[in-house]
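Colleague: Here you go, sequence then predicted model.
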Amino acid sequence: MDQNRLTYLFGRHIAGDATTAEINEFNALVQDAQYSAQLISLIDTLLYDIPGDKGLPEDRITAVLSNITQVSARPGRRVIMHRWRWAAAVALLVVAGYAGYLLLQTGKRSAPSLSLADQRGSINKAVLTLGNGDTLILDDDNNRVINLQSGKLVQRGGQLQHMTGNTTGAPVINTLTTPAGGQYKVILPDSSVVWLNAASSLQYPDHFNGPQRRITLVGEACFEVHAAASQPFIVQTALQDVIVLGTAFNVNAYANEFKVVTTLQSGAVKVCMPGSTSGQILHPGEQAVNTVQQPLPAVSMVTATDAMAWRDGLFVFDNTDIPTVMRVLERWYNVRVSYEGGVPDVHFTGQVARSGSLSDVLQMLTQISHVHFRLIKANNESGQDVIQVLNK
């Protein structure tokens, strides 16, 4: 379809002259990834490139953008953020991190004073602690090759790759740690790929020469495991072991969540009690949840890509309560959370761009839920910003 058609329909929609058929056609187009960049340009022009005295009233702009993003509050205090069917790269710009921000910030661009949590640098950052105690600072800036007794470490483009050399000696355990607000990709000595989420740590050997490939996770990671039927891959957490032959899956094992959630995208894994080899086999699309009170996994069908969406730059919530949402923000923006007037009884479903500033995310949550937040800038004592959740 000619891209001029989208421009025409957008103009008709903005002016309030679109027919029902044209509105339906427009709504179908905005869910097509090939028109995403053009839609963003049209929205940007609408808000910022038209002089204020010639533009539309703010309430009209807000109404149109609300219809485009389809953000609404449903009965029962279950807040819905429309789940776009665009590609993740488009969602980064349009879902909440861009369009949701524009709903709240119509008018001229400004440069407000940023809190520490809003001053976002590179997200690819971690510390690697080698078995001998040496530490390496990992980020986007350094491209280097480090020679080790067991092989080489290649740091390039925000990822670390282990290239195995001498594997005759006893394995040495390395520890990869990400700070709050950081994540990092590592290619293990067996060519398995791990994306480590914020405030997490991964322990793994510098080579795998035994009957198992065993690693230890605290926090959250997404895995694409290199198949080796004779050498099962095992992810060890506080509450469960995940035994893998070759697959893609996500494990959320943050200590303050008091549960371990394993979500399988492809292949097959077995979720076991720590140290056991018998357990529950998961199939693609299944999720197992273990708690201290319920050591045997509770298994359900889910949208597996939602659990792995953080790797692609998105927070995805599915009927998620406020405390859980706030813990996610704590880890990503390196903040603390306090509640004034109790914890609001609100649940969220939808997705939010991790690339947006904390202020933007909180403003969007307020817009769709009517829960208000106060962001208190860090002082010299705490070193962290504080989100106050106001239950009024």
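Modeller: Arrived safely, thanks for sending. Residues are numbered from 1 along each chain as shown.

Colleague: For the rest of this, base every contact and every neighbour count on C-alpha atoms.
Modeller: Noted.

Colleague: what secondary structure does Tyr204 sit in?
Modeller: Secondary structure assignment for Tyr204 (DSSP: H, G, I helix; E, B strand; the rest coil): strand.

Colleague: Is it in contact with Asn174, as I believe?
Modeller: Yes - assessed by CA atoms under 8 Å, Tyr204 is found in contact with Asn174 at 5.5 Å.

Colleague: Test my guess that His171 contacts Phe208.
Modeller: One thing to correct before we go on: residue 171 is Pro, not His. Yes - counting by CA under 8 Å, Pro171 touches Phe208, with 7.2 Å between them.

Colleague: So which of the two has more stuff around it?
Modeller: A count of neighbours by other CA atoms under 10 Å puts Phe208 above the other of Pro171 and Phe208, at 20 against 16.

Colleague: Quick check: which element contains the more buried one?
Modeller: Counting by DSSP states H and E, there is no helix or strand that carries Phe208.

Colleague: Please enumerate the helices of the stretch 101-250 of the chain.
Modeller: Under the criterion DSSP state H, counting those that start in this stretch, the stretch 101-250 of the chain contains no helices.

Colleague: Could you list the domains of the protein?
Modeller: 3-73+85-104, 126-307, 313-390 (automatic domain parsing).

Colleague: Would you mind putting these into a markdown table with mean pLDDT alongside?
Modeller: Formatted as a markdown table, the domains of the chain follow (pLDDT from 0 to 100):
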| stretch | mean pLDDT |
| --- | --- |
| domain 3-73+85-104 | 56 |
| domain 126-307 | 91 |
| domain 313-390 | 88 |
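
Colleague: Which secondary structure state is assigned to the residue minimising distance to the centre of the chain?
Modeller: A centroid search over the chain (CA atoms, centre = their mean) returns Trp310, at 2.1 Å, as the residue closest to the centre. Classification of Trp310 by three-state DSSP places it in helix.

Colleague: ok, now which ones touch it?
Modeller: Asn197, Val316, Arg354 (CA atoms under 8 Å, 6 or more residues apart in numbering).

Colleague: Most neighbours out of the residues you listed, which is it?
Modeller: Neighbour max across the contacts of Trp310 (other CA under 10 Å) = Asn197, 26 neighbours.

Colleague: check contacts around that one.
Modeller: Asn197 neighbours (CA under 8 Å, 6+ apart): Thr178, Gly182, Gln183, Tyr184, Gly219, Glu220, Ala221, Trp310, Arg311.

Colleague: how near is it to Asn24?
Modeller: Noted for Asn197: a distance of 39 Å to Asn24, by CA to CA, to the nearest Å.

Colleague: What of Leu6?
Modeller: 12 Å.

Colleague: The two - which one has more neighbours?
Modeller: A count of neighbours by other CA under 10 Å puts Leu6 above the other of Leu6 and Asn24, at 19 against 11.

Colleague: host element of that one?
Modeller: helix 3-15.

Colleague: And the helix or strand just after that helix, how far out from the chain middle?
Modeller: Later in the chain than helix 3-15, the nearest helix or strand by DSSP H and E is helix 20-29. Mean C-alpha position of helix 20-29 versus that of the full chain (CA atoms, centre = their mean, to the nearest Å) differs by 31 Å.

Colleague: Mind giving me the packing neighbours of helix 20-29?
Modeller: Under the contact criterion of 3 or more CA pairs under 8 Å, 6 or more residues apart in numbering; DSSP states H and E, helix 20-29 touches helix 3-15.

Colleague: Tell me which other helices or strands the helix it packs on touches.
Modeller: Using 3+ CA pairs under 8 Å, 6+ apart: helix 3-15 touches helix 20-29, helix 36-44, helix 58-69.

Colleague: how about 6 Å then?
Modeller: Here helix 3-15 touches no other helix or strand, going by 3 or more CA pairs under 6 Å, 6 or more residues apart in numbering; DSSP states H and E.

Colleague: Tell me the buried residues in that helix?
Modeller: Going by neighbour count (16 or more other CA atoms under 10 Å), the buried part of helix 3-15 is Leu6, Leu9, Phe10, Arg12, His13, Ile14.

Colleague: Verify the stated contact: the fourth one with Thr19.
Modeller: This means Arg12. No - Arg12 is beyond contact range of Thr19, at 8.5 Å (criterion: CA atoms under 6 Å).

Colleague: Quick one: distance of stretch 17-27 to the chain centre.
Modeller: 33 Å.

Colleague: can you check stretch 172-187 too?
Modeller: For stretch 172-187, the distance to the chain centre is 16 Å (CA atoms, centre = their mean).

Colleague: outside of it, which residues touch it?
Modeller: Stretch 172-187 has contacts (CA atoms under 6 Å, 6 or more residues apart in numbering) with 123-131, 159-161, 193-206, 331-334.

Colleague: Drop anything exposed from those.
Modeller: 123-130, 159-161, 193-206, 331-334.
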